[in-house]
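show me the folded form of this:
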Amino acid sequence: MDMQSIIQRIAAYALPLLFALTVREIVRGQLAYRLGDLTGFQQGRLSFNPLDHVDPIGTLVLPLFLLVLSAGTGFGFVLGWAKPIPINYGRLRNPRRDMALIALGGLAGNLVMAILWGFLLRYSLGMDTEEGLWAGVKAMTVAGIMVNVSFLLLNLLPLLPFDLGQLLVARLSPQRAQILFKLEPFSFIIIILLAVTRILILPLIALLAMVLTIVGVPFDAVMQ
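Below is the predicted model of the structure:
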């Protein structure tokens, strides 16, 4: 893949990436607010401004690295994270239950966004997507699906601070939950190793196929 194609690829992913991160954090922050924690609200973090949620590594460096790494594979493999809205679980009305609800809200947010992008892709396939406006729309919808499916996969890893890790902490005994807390400082390294070795490709394809089946779009429509 030449440099121009890589730049076009990055441009197609930029808006869906920022949108996915922003909506995801707003969902989690709003759930925490409604469940009794005002921390995010008091710090002004319940904002729809994407710049408020940008993490230099998780939002910029890692997604860019993985987009370039996945060039030529046929689809974009993007993992990343936003600067999390602060949540004080001790202020929740029912910490163990509410921690699980917030985690499930984050997962649901990415799944719903992937499906919505999928329906937009389905509509765009009825247009001339070889060039012009609809070619750009198709590229962006594919990026929107890939970004949200990738984030869904990332947050299904049993690591903190990701959603499944938080869900496990909410359900496990304090002694067993300590294992996840001890692993948390190494989560970034584990993710990089999983991404570079492409171990996550098969589960990513499975989640992608599930979303495309829901919206009625053939798998080859997302191959770029």
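
so what does the lowest-mean-pLDDT helix or strand in the chain touch, helix or strand wise?
Counting by mean pLDDT, DSSP states H and E, the weakest-scoring helix or strand in the chain turns out to be helix 62-69, with a mean of 80. In this structure, helix 62-69 packs against helix 3-34, helix 187-196, with contacts taken as 3 or more CB pairs under 8 Å, 6 or more residues apart in numbering; DSSP states H and E. To be clear about C-beta, it is placed using only N, CA and C from the backbone, and glycine gets the same treatment.

make it 10 Å
helix 3-34, helix 133-154, helix 187-196 (3 or more CB pairs under 10 Å, 6 or more residues apart in numbering; DSSP states H and E).

distance from the chain centre to that helix, please.
Its chain's C-alpha centre and that of helix 62-69 lie 14 Å apart, by CA atoms, centre = their mean, to the nearest Å.

now do the helix or strand that comes right after it, average pLDDT.
Sequence-wise, the next helix or strand downstream of helix 62-69 (DSSP states H and E) is helix 95-124. Averaged over helix 95-124, pLDDT sits at 93.

tell me the centre residue of this structure?
Among the residues of the chain, the one closest to the centroid is Phe151, at 2.4 Å (CA atoms, centre = their mean).

residue ranges with poor pLDDT in the protein?
1-2, 70-77, 224 (pLDDT under 70).

distance check, Arg96 against Ile57.
Look at Arg96 and Ile57: by CB to CB, to the nearest Å, they are 30 Å apart.
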